[in-house]
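Novice: got a predicted model here, sequence first, then my questions.
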Amino acid sequence: MFESEFERNLFALRQEKLKAIEALGQSAYPNRFPAEENQQADPIADIRATWNSIPAEQLNELPDTERPRVAVAGRIITIRQQGKAGFATLQQQGQRLQIYVRLDAVGEQAFALYKLLDLGDHIGVSGYLFRTRTGELTIHVETLTFLSKAMLALPEKYHGLADVEARYRQRYVDLFTNLDSREVFIKRAKVLKAVRNFFDTRGYIEVETPMMQPIAGGAAARPFTTHHNTLDMDLYLRIAPELYLKRLVVGGIDRVYEINRNFRNEGVSTQHNPEFTMLEFYQAYANYHDLMTLTEELIAYVAQEVNGTTVIEYNEQTIDLAKWQRLSMIQAIIDYWPEIANPKPQTQDFASKDSLFATVSRLYLVYEQLYQSHDEAQTKLMQVMAARYKRPDLSDYSVGSVVDREDQDFIDWQKHDKEARLNFAESRRIGGVLHVFMSLSEKNEQIGKTIYSLFETIVEPNLFQPTIIYDYPTAVSPLSKQSPENPEVVERFEFFIGGFEVGNAFSELNDPVEQKKRFEDQLTQRAGGDDEAHQMDEDYVRALTYGLPPTGGEGIGIDRLTMLLTGSKSIRDVILFPLMRAEKGSEIRDQRSESDTH
RNA sequence: GAGCUCGUAGCUCAGUCGGUAGAGCAACGCACUUUUAAUGCGUGGGUCCUGGGUUCGAUUCCCAGCGAGCUCACCA
């Protein structure tokens, strides 16, 4: 329980104070404030809303009988003793209000209690409002009620809790010391509320489908496995609700949505947490074009509800969530084709394997010229960069080693120079092209996969402004309906904001024969070692056989959307309790383990 | 999984070119009846993340481990 002697001593000291408080006739752990069950405490927010605008001369001149009397409960976050009087700041629901306690107003006993209070304690006060000499709205306390004691020391009052790890592990401390952090989660709640309101008013039904599934379907990801004892049955935590929601559309719930957790047994990063919140919705008789419009409306609406504006600042970029562009995947690759690899490819270059190979090779050659360690061009580039950024040592490095050299100097240097950062990103991207090239030439992959890799490499990191990318390759979309004009692409889009993917949508594949075939293809890939390929879901095929109407469906990452709307750079900042490694020395105890050590 | 960086008092952080450490806040004591990062005086508080190595001597240098952050990989 205690990290140190300091904490042990403090705890003992506070226990003594609790006893002293009880000796004053107060309960150490009372169960309500105010004690009278027919009365309610006043929220600080309400008090401020009413009195913030009333000036001191008006408020302080009121006769005693007309003074505004309030009862407030809260946590003490600052306290200033001053002999026979003192101040404290109470915090309640993220709002703060100062109280003023003086001996001649509260009496000996209450003042003795005031002197036993510590930072972090919860108290209740009643009294009247006034403004101090400096104009601060303050409660002139008449009665003081002890509510609960903080037995541990609070973080430093000025800086708050800054240690990132501690903020995640002890979110409760983060929340009451860092009000910015609290604000993020208030906004998250508003996001959920706005999303629900958006769909509810459009006639969608909210549902909850299984989190534990016998077959983990609906996405390509590795699942968590669990086991039901009585049925002696292995189950997976779901990686997506998709196949269940479409069963519901078969069942006649034409407009349906679900907001719930997905679980994917994969790495963690600033954009990934093993459990994350997904919105999925389906609309019968609609296709992906309908969903594009709906998506644009939804995102703008949520932003407006949460922030009061559709404009956000994210990673030093100004983004208007009401202004969208729509590009086909191939057009996006053409548009974002690196300048150094000009001329840009043409649409027909993506049509055949040979022409695609030639196109990627061309990019690769540029990459090679810039990136390979003994190349003249890259040495020259490094010299230019060294001169431009006043880092003579850079000329000693190859592009590759600079890219890998992420020392603090280099990181700072990038932070302060946008152009340098772009060059850095460019060399990274070009590096990625190598992998595209390799996959095309060595693994004899389908064209679609290469196009998709190319897109991810050169386009995706640049998609800061809201962008819908449509017409995905069939090869990477096992659950989407093919385009009637071109069987190589499916009626699918993803949308990107701030440089990452936020949502994914498509016209749902509803041909049971084709679906079965695609599952079988996936099984082949699974047998080939791809443990993220889909498993066969016979019942889902049976559901399709009963007839799924033409349907559009979409998934949106709520955490990522919240990141954008709160300016959070890490997904962990928008998840209350992100997954962390076990704390050292905190092996989990159960009934069978040894007795308490303290 | 890889690289880089970090781990010093409850908190926020200094520092030691190798000789077992400091500040502010918090805590404790005293003073103070309009302060607000209150103030003034005084006191206590440290396995310098853990384990090895080098050394007369390691918190500091080296190696390994643990934890974290960032970047990458993975993740359509």
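Specialist: Cool, the structure landed.
Novice: against A:H159, how distant is the nearest residue to A:L565 once chain neighbours are set aside?
Specialist: Spatial nearest neighbour of A:L565, chain neighbours left out: A:V306 (5.2 Å); criterion: CB to CB, 6 or more residues apart in numbering. C-betas here are computed from N, CA, C, even on glycine. Distance from A:V306 to A:H159, counting by CB to CB, to the nearest Å: 28 Å.
Novice: looking at the two, which is more packed in?
Specialist: Of the pair A:V306 and A:H159, A:V306 is the one with more neighbours under other CB atoms under 10 Å, namely 23 against 9.
Novice: gap between that one and A:E508?
Specialist: Distance of A:V306 to A:E508, computed by CB to CB: 29 Å.
Novice: list the contacts for A:F495?
Specialist: A:T295, A:W324, A:P466, A:T467, A:I468, A:I469, A:E501, A:V502, A:G503, A:A505 (CB atoms under 8 Å, 6 or more residues apart in numbering).
Novice: helix or strand right after the helix or strand containing A:A12?
Specialist: When elements are assigned from DSSP states H and E, A:A12 belongs to helix A:5-23. The helix or strand immediately downstream of helix A:5-23 is helix A:44-51, counting by DSSP H and E.
Novice: quick one: buried residues of that following helix?
Specialist: Residues of helix A:44-51 classed as buried: A:I44, A:I47, A:W51 (neighbour count, 16 or more other CB atoms under 10 Å).
Novice: mind telling me which residue of the stretch 1-150 of chain A is nearest RNA strand B?
Specialist: With CB to the nearest atom of the strand, the shortest gap between the stretch 1-150 of chain A and RNA strand B falls at A:G83, namely 2.0 Å.
Novice: do you know the pLDDT at that residue?
Specialist: On pLDDT, A:G83 comes in at 93.
Novice: how about A:G400?
Specialist: 42.
Novice: again, but for the one 3 residues further on
Specialist: A:V403 carries a pLDDT score of 39 in this model.
Novice: what residues does the stretch 151-300 of chain A put near RNA strand B?
Specialist: Contact residues (CB under 7 Å from any atom of the strand) of the stretch 151-300 of chain A with RNA strand B: A:152-166, A:168, A:219-221, A:264, A:266-267, A:269-272.
Novice: quick check: PyMOL command selecting the buried ones in those.
Specialist: Here is the PyMOL command that selects the buried residues among those (16+ other CB under 10 Å):
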select buried, chain A and resi 152+154+155+160+161+168+219+220+264+271
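Novice: roughly how far out does the helix holding A:A12 sit from the chain middle?
Specialist: 39 Å (CA atoms, centre = their mean, to the nearest Å).
Novice: average pLDDT across that helix?
Specialist: 93.
Novice: ok, that helix near RNA strand B or not?
Specialist: Yes - Helix A:5-23 comes into contact with RNA strand B (CB under 7 Å from any atom of the strand), by way of A:E5, A:F6, A:E7, A:L10, A:L13, A:K17.
Novice: what's the burial count for the fourth one?
Specialist: Okay, so that is A:L10. 17.
Novice: equivalent analysis for the fifth one, please.
Specialist: As a burial measure, A:L13 scores 12 neighbours (other CB under 10 Å).
Novice: one more: the third one?
Specialist: By other CB under 10 Å, 14 other residues sit near A:E7.
Novice: now swap in the last one and tell me
Specialist: Neighbour count for A:K17, taken as other CB under 10 Å: 18.
Novice: that one touches A:D118, doesn't it?
Specialist: Yes - using CB atoms under 8 Å, A:K17 makes contact with A:D118 at a distance of 7.2 Å.
Novice: for these two, list the residues in contact with both.
Specialist: Counting by CB under 8 Å, 6+ apart, the shared contacts of A:K17 and A:D118 are A:K149.
Novice: residue of the stretch 251-400 of chain A nearest RNA strand B, please.
Specialist: Residue of the stretch 251-400 of chain A nearest RNA strand B, by CB to the nearest atom of the strand: A:G267 (3.2 Å).
Novice: wait, a helix at that residue?
Specialist: No - assigned with DSSP: H, G, I helix; E, B strand; the rest coil, A:G267 falls outside any helix and is coil.
Novice: per-residue confidence at it?
Specialist: The model's pLDDT for A:G267 equals 82.
Novice: what stretches of the stretch 451-598 of chain A score poorly on pLDDT?
Specialist: Scanning the stretch 451-598 of chain A for pLDDT under 70 picks out A:583-598.
Novice: near the closest residue to RNA strand B within it, how many other residues are there?
Specialist: As assessed by CB to the nearest atom of the strand, RNA strand B sits closest to A:R581 within the stretch 451-598 of chain A, at 3.3 Å. Counted with other CB under 10 Å, the neighbours of A:R581 add up to 8.
Novice: now it, what's its secondary structure?
Specialist: On the three-state scheme (three-state DSSP), A:R581 is labelled coil.
Novice: and what of A:Q348?
Specialist: Judged by three-state DSSP, the three-state class of A:Q348 is helix.
Novice: and the closest residue to it other than its chain neighbours, how close does it get to A:F146?
Specialist: Nearest residue to A:Q348 in three dimensions, chain neighbours excluded: A:S355, at 6.8 Å (CB to CB, 6+ apart). Separation of A:S355 from A:F146 (CB to CB): 79 Å.
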